[in-house]
Every structure is written in structure tokens, then in C-alpha cells.
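Sequence isn't available, so here's the structure alone:
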């Protein structure tokens, strides 16, 4: 017998005389009896209060039998159980085992049988707890595997949608460029009637709205061209929240909380502003059904050791010092069945008012900046969306620059420009736009035709304005070939695909004679400025 005096035993037996006999046997075996229960319910309660090492449990007791009591004990306070019965029956043994009993003892017991039953029950209990722990770890592993698979499927689905969306956005940019250029040219005509001018202004506004939607799709696909700079977040957020405050309804109060004023990130200010505005707009709509409330924007720094869960990749992220921008609302919260879909493009709970592109755009902007988005929400208590960006070392705050003053639209002096664009409507719009700006134009529908035209007019053409993505020959390949034949050639690239080549392969572009880059959809002023700058050299 090993330290049996340290083994604490609870007796559950409704027959007083039998209980005393068992108690005497236990004392003879040097066990410590901690209590005596007269029915099953009392046994459950005393197990919770006394926490014995083992229970000797009679099967037949009033109120609650020993099998039901053993089952409840294993659910609430797992403890080794030895079942006592006056009849040795296979059915009772199976039921007792299913209820968690580790041993079976027929009355009247003797000391040797009691000791053996207690030893067996405690050993089987240890095995049962080890198996239960193993099953728990297995369930956790299976749950984690399922979550990982779901996350991978979600990421694959979002990536596929993003790739498709960017391709569609490219085609829309071609169409919108034509609409925008022709509308602006028409608005510059002097003979317009007020009614026609009003209609053209509506077209221009709707084209701008369409361009904004296309930009949202491009941002979701992580394909926007970023104009990144080192940005002080505190003055940026002060200026942005000042503008946001003027757009919110009176029943929503906007508060800016800043833990530090020396927080810097490397980001595109326009794209970052768009992401935050989308999160604020989402919060505003979340609070609309509840009659308003407090909208809190918080700026803080998260150290490297902090762990954050990223909803864009479904994993715990560490290893960076993060600048966090949190947007918290006091709305109704996000239901669990809706939460997994909030970053899917075109998914919205605000139809027909919502486009379902606000949160996906914020997702894409965060991802393209090397950042993440976290979401904390509870139904009835609001939501917090947190945008995490890699933080830069703190720098001395600089005075905010004055807003730029737009110069008058640049015009040409009769220079000849070769326009290369496979989309006919856009090509014609470019021709008409540049001729209105006092340039002479030649046009080609693809790279091969452009080479032929340039060969005929090489002494006249001062600039090639070429689309990037074209059939037969890309714009960059055309520029390389022209540069090989005519080393002095200069080119400006038009593109609806925001490509990494612009930043990663600048030497390659320069060697091909590319001196400028215009993002579709462009307006007349952007086109005029890019062409004038290139022509001026």
C-alpha cells in the first residue's frame, strides 16, 4: 500500500449499517474518509465541496441512483468512482462504465477487494483523463485545421475575385476615359445652351462616381499604384477627422483619441484616407438604426511583442511595430453569420443603398501597404475596426504643406504626337483632346501599325503616347523597339493596370524612352500636364 492515508474517499451509501462497514474497511486500509452521502444528489454536491480522490458509490439510492450521480460527477467534477451493488449484473456493469465508473464492487466487500477496486478505478481514471485531454487536443487541432482550410478558401476566393475585378476595371477605365474626355471637351464649347450644359455636367458627375467605384475595385485587388511617402499620422488624422466631422449627422459625435503624436508610416495619403473614410462610413451606417451615438477614432502604437489577429489572412501576426488606427461605433454589432463575409466585394447588408465595396477597398489598401485589419464586435454593443500599418521610427513633426494651386491647363505649339491605343473610342477621344490642346496627332491601333507610322513620320513625331496593354505588342515592347531604331524617341505610357513595373523597373522604362506615365481614367488636365511635361523634356 503506497501512501493510502493520503487518498481521500467519499462514501455514497443510503444504508447506514453498510456505510459503516465500508468506512471501517477503509480505515483498516489507512484511507481517509472525508464524507458520507445518503443519496445521489448529496454525493454530487459533496464531491464539489470536498473534492475527494475517489468515490465509493452505491447504485441503488433514493432520489438519484448511483449511475446518474456518477454521470453528473464526471460532467461537473471528474473524480474516480467505484460502483457498489448487491447484484453482479453485466448490464449494470456496462451502464456504470458508460457513466464513468472505473471499477465494480459487489457487496459485501472485503478489504482486499476494496483496495483492488480503488486502485483500478484511480488508474482507469488517469487513463480516461489522459484520453479526454488527448481528444480535446485533437478537437482543437481539427478545429484549427478547419479554420485554416476555410481561411485558405476565403483567401483564394478573394484573390480570384480581385484578379477578375482588376481585369474588368481595366476595361471600364478605357470606357470612362472616353466619356470623361468627350464630356470635358463638350463643356468647353461656347455655344452650349443652359439645358445641354446641365446635362453634360450630370454626365461628368456620374462618370466621376463610376471612376471612384472602379478605383475601389482596383484597391480591393491590391493593384493600385501607390504614391507612398513618410507620413506623420497625428497631423494627418487631425486634418482628416476635421473634414469627417463636418460630414456626419448631428446625432453622431466624433472623437479623436491619440496616444502619441510622434507616429510615422510610409503610406499613400490618398489611399490611406480612403480606407479610413470607408471605415468611418461603415460605422456611421451601423449607428444609423440606433439613432446615432459616439464614433471614436483612436491612434496608437502597438509594440513588436503584441499579437494581433488579422481578418485579412486569418492568422496571428507578430514581428512588427504597428501604427494602429481604430474606428469604434456604438451600433448594433455584426451578427456571427455575417462576419465572415464582410470583406467580400459586393456583399452588403445595406442594399439597395450600399455597394458592398467600402470594406473590401479598405481590406485591399491595408494589404497593399503591408498591413492588416482586425475586427472586434459583439451584437448589441458595437464594433471596432482596426487598421494596422508598419510603423516607422518617430521623426520630428513637420509643418503641413500648403495645398497646391492648380495651374492653367498646358497647351501645345503644333507638335506632332503619335497616339497608340487599341480601344477605338478612347483613341478618338485622345486625338480630339490633344488637337483641342493645339497638338497635331497621328494614330495607330496597335504596336505594329505604330512602327510603320513612326517610320514614315520619324522627323515629325516628338512624342509617342501609347497604351500599355495591347494585343500583338505591348506598349513597353513598342517603346523598346522604337528606342532601338530611333534613340531620341520619347514616350508616355497610358495604363488601366496599376503595375509594379513603374516602381520596380524604372531603369528598364527609362532605357525604353518612357518619360511619363498616366493612370486611366485620366481627365483633360492630367493628360495635358503629362504631355506638356514630356514634350518640354
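Arrived safely, thanks for sending. Everything numeric here is computed off the predicted structure, so don't read it as measured data. Numbering: from 1, shown residues only.

after the helix or strand residue 136 falls within comes which helix or strand?
With elements taken from DSSP states H and E, the one containing residue 136 is helix 111-187. Sequence-wise, the next helix or strand downstream of helix 111-187 (DSSP H and E) is helix 194-220.

picking up where we left off before, pLDDT averaged over the helix holding residue 136 - what is it?
The average of the pLDDT scores along helix 111-187 is 74.

cool, and stretch 277-291?
Computed over stretch 277-291, the mean pLDDT rounds to 81.

tell me how far it is from the chain's mean position?
Taking the mean of its C-alpha atoms, stretch 277-291 sits 18 Å from the chain's own mean (C-alpha atoms, centre = their mean, to the nearest Å).

go on, stretch 252-264?
Distance of stretch 252-264 from the chain centroid (C-alpha atoms, centre = their mean) equals 22 Å.

Check stretch 440-448 too.
44 Å.

Same check on stretch 204-211?
Averaging C-alpha coordinates over stretch 204-211 and over its chain gives two centres that are 28 Å apart (C-alpha atoms, centre = their mean).

what do you get for stretch 110-128?
Put simply, stretch 110-128 sits 54 Å off its chain's centre (C-alpha atoms, centre = their mean).

Stretch 47-64 too?
The offset between the C-alpha centroid of stretch 47-64 and the centroid of the whole chain comes to 51 Å, using C-alpha atoms, centre = their mean.

dump the residue contacts of residue 36.
Contacts here follow C-beta atoms under 8 Å, 6 or more residues apart in numbering; on that basis residue 36 touches 10-13, 19, 23. (C-beta placed from N, C-alpha, C; glycine too.)

domain parsing for this structure?
As assigned by automatic domain parsing, the chain contains the domains 4-109, 150-220, 229-392, 416-536.

now do the same end-to-end measure for the longest one.
Between the opening and closing residues of domain 229-392 there is a gap of 11 Å (C-alpha to C-alpha, to the nearest Å).

Whichever strand or helix holds residue 95: which residues count as buried?
Secondary structure assignment for residue 95, by DSSP H and E: helix 90-98. For helix 90-98, the buried set under the neighbour-count rule, 16 or more other C-beta atoms under 10 Å, comprises 92, 95-97.

cool, stretch 421-428 as well?
For stretch 421-428, the neighbour count (16+ other C-beta under 10 Å) marks 421-423, 426-428 as buried.

And stretch 229-245, by the same measure?
Neighbour-count burial for stretch 229-245, with 16+ other C-beta under 10 Å as criterion, is recorded at 231-234, 236-237, 240-241, 244.

do you know how far residue 490 is from residue 24?
Distance, residue 490 to residue 24, using C-beta to C-beta, to the nearest Å: 108 Å.

More neighbours: which of those two?
Using other C-beta atoms under 10 Å as the criterion, residue 490 and residue 24 rank with residue 490 on top: 19 against 12.

Pairing partners for the residue lying closest to residue 248 once chain neighbours are set aside in the sheet, please.
Sequence neighbours aside, residue 254 is the residue nearest to residue 248 in space, at 5.8 Å (criterion: C-beta to C-beta, 6 or more residues apart in numbering). Partner residues in beta bridges with residue 254: residue 295, with DSSP bridges as the criterion.
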